[in-house]
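Trainee: predicted model and sequence below, questions to follow.
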Number of protein chains: 2
Amino acid sequence: MEHHGYLGLTVGAPTALTGDGGATGTVVGPLPLSVEWLGDRVRLLDQRRLPGELVLVELGTVDEVCRAIAELTVRGAPAIGATGAFGVALAAVRGEDTHDAGRRLKATRPTAVNLAWAVDRALAAADPVAEAVAIAAEDVAANRAIGRHGLGLVPEGAKVLTHCNAGGLATVGYGTAVGVIRAAHEARRRPTVWVDETRPVLQGARLTAWELQALGIPATLVPDVMAASLMQSGDVDLVVVGADRIAANGDVANKIGTYGLAVLARFHGIPFYVAAPRSTFDPATPDGASIEIERRSPDEVTSLAGVRIAPEGMAAENRAFDVTPAALVTAYVSEDGISRP
Amino acid sequence: MEHHGYLGLTVGAPTALTGDGGATGTVVGPLPLSVEWLGDRVRLLDQRRLPGELVLVELGTVDEVCRAIAELTVRGAPAIGATGAFGVALAAVRGEDTHDAGRRLKATRPTAVNLAWAVDRALAAADPVAEAVAIAAEDVAANRAIGRHGLGLVPEGAKVLTHCNAGGLATVGYGTAVGVIRAAHEARRRPTVWVDETRPVLQGARLTAWELQALGIPATLVPDVMAASLMQSGDVDLVVVGADRIAANGDVANKIGTYGLAVLARFHGIPFYVAAPRSTFDPATPDGASIEIERRSPDEVTSLAGVRIAPEGMAAENRAFDVTPAALVTAYVSEDGISRP
């Protein structure tokens, strides 16, 4: 049983290893895929343990997949979509009730539409395994197309601010918002990136920082509260973020803090872009008010990396997402191209 | 040698104890004073160790006072002002060069004007000790007056958002922004408070949360990124913050994140108040652009409570303060009353 380290990072013991764990996994550029199908198991890159350790976990049951989604082993709307589809594939391979599996998978996280979309697509297919594999492959292709289209929005030497992680880790590979930055970097536009740390779960500090480092894209970590000051001092040329769900009217549900950034960008006259694959656009949701916003445990706010930061007994509110009205979005970037609200 | 715990909190071993440490310290309401003169030593409440431990440290030399200010043992513009004045008093009592002491004290932190103001006032006095004691006493009185004046801005049952800590800990006692909330609470207006955690140093999570708990004022901790969502959902009636320096034109330097809150409040039509004593208003500074903004170590961003949260080698930016233009301030509250920009 062997686990391979990428980028010189330590690979610790997997937390939920089943199967032999011998394969190295597919790599898109310098980064491993966030989710991959091994024939009878699903392999995830454990995002909770980054950036300290690069750990690949292998999941052999639908319950393990549900737990991995709920506990953020895998996160990011497109990545949990593909993981959900592989969960259905797992049920099919094991001869279990795929519709029961699909119901449980969809219940793990309510806000991202990609999860329900991918699970339903796998359920409706004659061969759920082939469909899940196709969903994952299409996601990487969509992200590369998003990068190509988004390139036109990134001027030479642009100072780009991004929030949370809409990178290769949030997708199957390559990334949406980070995909746009990555495409600009590959086209030698020399973008530099401000990475919002993204409290409470710190996806920016832990994941986006790690990805950009691995890709060799110059980046600087900032506390979320610094974005307004950076805009005020003329140090932000554009904001680009991902999305968990885009309603029919163009309202965008994304990581908590996105809405505030959109307001600040508007106030400072800075373009605000949302990069997401077609599967994130949900025609069945009329507007932002119809999107269920997940509330997570107050412990994510009162503690950090296992360290208590607030007094015992302190109440905390933990809305995981917010809704940005379409009116604050300069443009959407999908695999179909650029569209305006 | 005995140290007394307030509020049932543990009192650990002081980090820099000189003198006998036996006195209990003056208490304003249920909270000890943040800074107090012991005759030949300065006693500080060590704010770095809250909320886990309530530790009183006693400082016997000017160097110890300088270090305590630089390392945030004491923070908050009015509190470091009084501490600086006591540093001059210490030099006087020890027969040292008070002007040399004043120079070193003023160099510890550049943004808050109260430090230079209080040090200069102690230096100019015939009796620096009596002057420093007067400065501390006046600060508590000013804060109580700020509370009385601010009361008129807080409607019955108001949902108040505050940032950083402008409480009893940031002052000698009672608080400025928290003083307004406290006065409303004492007047049975039943305010409830959203406490911004205030990355990177978490003054909200550690200090304001602790103070409000001790005062029995209902409060809920939120990540800084949640403020916009709370405003959007109609859950914020007013914002009140403190200040480190208010320029002649009304521009306000305060904890990083304040400017973003002011923009968000304006966008949502929510009043944005700045509560600060007269000593924070600096007629010698024409506008915000003239205020030196302290940059602190990137380690405060890449680590949290000793835990590394970003990859090794990741660059980070750490502006400790930002500047809110006067145009975004609804009103200032000082001991002189309410004033508009």
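Mentor: Structure's in. What do you need? Numbering: from 1, shown residues only, chains lettered A, B, ... in the order given.
Trainee: so which bits of the stretch 51-200 of chain A are right by chain B?
Mentor: Contact residues (CB under 8 Å from any CB of the partner chain) of the stretch 51-200 of chain A with chain B: A:P51, A:G52, A:W194, A:E197, A:T198, A:R199, A:P200. Bear in mind the C-beta positions are built from the backbone N, C-alpha and C, glycine included.
Trainee: now, those residues that are in strands?
Mentor: Per DSSP state E, strands hold the following members of those: A:W194.
Trainee: who wins on neighbours among the residues of the stretch 51-200 of chain A next to chain B?
Mentor: Counting neighbours by other CB atoms under 10 Å in any protein chain shown, A:E197 comes out on top of those with 31 neighbours.
Trainee: that residue touches B:R199, doesn't it?
Mentor: Yes. The pair A:E197 / B:R199 is scored as a contact, 7.0 Å apart, by CB atoms under 8 Å.
Trainee: okay, and the common contacts of these two?
Mentor: Residues touching both A:E197 and B:R199 by CB atoms under 8 Å, 6 or more residues apart in numbering or on different chains: A:P223, A:D224, B:V301.
Trainee: reformat those as JSON lines; add distance to A:T61 and secondary structure.
Mentor: Below are the shared contacts of A:E197 and B:R199 laid out as JSON lines (distance: CB to CB, whole Å; DSSP: H, G, I helix; E, B strand; the rest coil):
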{"residue": "A:P223", "distance to A:T61": "39", "secondary structure": "coil"}
{"residue": "A:D224", "distance to A:T61": "37", "secondary structure": "helix"}
{"residue": "B:V301", "distance to A:T61": "40", "secondary structure": "helix"}
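Trainee: can you add neighbour count and give these back as a markdown table?
Mentor: Output for the shared contacts of A:E197 and B:R199, formatted as a markdown table (neighbours: other CB atoms under 10 Å in any protein chain shown):
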| residue | neighbour count |
| --- | --- |
| A:P223 | 26 |
| A:D224 | 28 |
| B:V301 | 25 |
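Trainee: turn the residues you listed into a markdown table, columns for distance to A:A327 and pLDDT.
Mentor: Below are the shared contacts of A:E197 and B:R199 laid out as a markdown table (distance: CB to CB, whole Å; pLDDT from 0 to 100):
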| residue | distance to A:A327 | pLDDT |
| --- | --- | --- |
| A:P223 | 27 | 98 |
| A:D224 | 23 | 98 |
| B:V301 | 32 | 96 |
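Trainee: just give me the neighbour total for A:H99.
Mentor: A:H99 has 12 neighbours, counted by other CB under 10 Å.
Trainee: quick one: secondary structure of it?
Mentor: Judged by DSSP: H, G, I helix; E, B strand; the rest coil, the three-state class of A:H99 is helix.
Trainee: my guess is it contacts A:A124, does it?
Mentor: No. Using CB under 8 Å, A:H99 is not in contact with A:A124, being 10.5 Å away.
Trainee: for chain A, which spans come out with low pLDDT?
Mentor: For chain A, the stretches flagged by pLDDT under 70 are A:1-30.
Trainee: got the domain boundaries for it?
Mentor: Per automatic domain parsing, the domain ranges recorded for chain A read A:2-142, A:148-339.
Trainee: looking at those domains, which one is packed in the most?
Mentor: Of the domains of chain A, the one with the most neighbours on average (mean count of other CB atoms under 10 Å in any protein chain shown) is domain A:148-339, at a mean of 22.
Trainee: how far is it from where the chain is centred?
Mentor: When C-alpha coordinates are averaged (CA atoms, centre = their mean, to the nearest Å), domain A:148-339 and its chain have centres 9 Å apart.
Trainee: and the end-to-end length of that domain?
Mentor: 14 Å (CA to CA, to the nearest Å).
Trainee: before we move on, what about stretch A:107-118?
Mentor: In stretch A:107-118, first residue to last residue: 13 Å (CA to CA).
Trainee: can you pull out the residues in contact with that stretch?
Mentor: A:66, A:69-70, A:77-78, A:80-82, A:84-85, A:105-106, A:132, A:135, A:244-245, A:253, A:277, A:279-280, A:282, A:285, A:291-294, A:320-321.
Trainee: go again using 7 Å as the cut-off
Mentor: Residues outside stretch A:107-118 that contact it (CB atoms under 7 Å, 6 or more residues apart in numbering or on different chains): A:66, A:69-70, A:77-78, A:80-82, A:84-85, A:106, A:135, A:244-245, A:253, A:279-280, A:282, A:291-294, A:320-321.
Trainee: stretch A:121-130 too?
Mentor: Contacts with stretch A:121-130, where a contact means CB under 7 Å, 6+ apart, come from A:A85, A:V88, A:A89, A:A92, A:V93, A:T98, A:H99, A:G102, A:E131, A:A132, A:I135.
Trainee: confirm the last one sits in a helix?
Mentor: Which is A:I135. Yes. A:I135 sits within a helix when classified using three-state DSSP.
Trainee: separation between it and A:A79?
Mentor: Distance, A:I135 to A:A79, by CB to CB, to the nearest Å: 11 Å.
Trainee: give me phi/psi at A:E58?
Mentor: When read as degrees, to the nearest 10, the backbone of A:E58 gives phi -120, psi 130.
Trainee: surely it and A:R43 touch.
Mentor: Yes. A:E58 lies in contact with A:R43 (CB atoms under 7 Å); the separation is 5.0 Å.
Trainee: just give the nearest non-adjacent residue to A:F267, would you?
Mentor: B:V263 (5.0 Å; CB to CB, 6 or more residues apart in numbering or on different chains).
Trainee: checking that neighbour next. Helix, strand or coil?
Mentor: Following three-state DSSP, B:V263 is assigned to helix.
Trainee: so who does it touch?
Mentor: A:A228, A:V263, A:L264, A:F267, B:L328.
Trainee: in helices only, show me the contacts of stretch A:107-118.
Mentor: Using DSSP state H, the members of the contacts of stretch A:107-118 that fall in helices are A:C66, A:I69, A:A70, A:A77, A:P78, A:I80, A:G81, A:A82, A:G84, A:A85, A:K106, A:I135.
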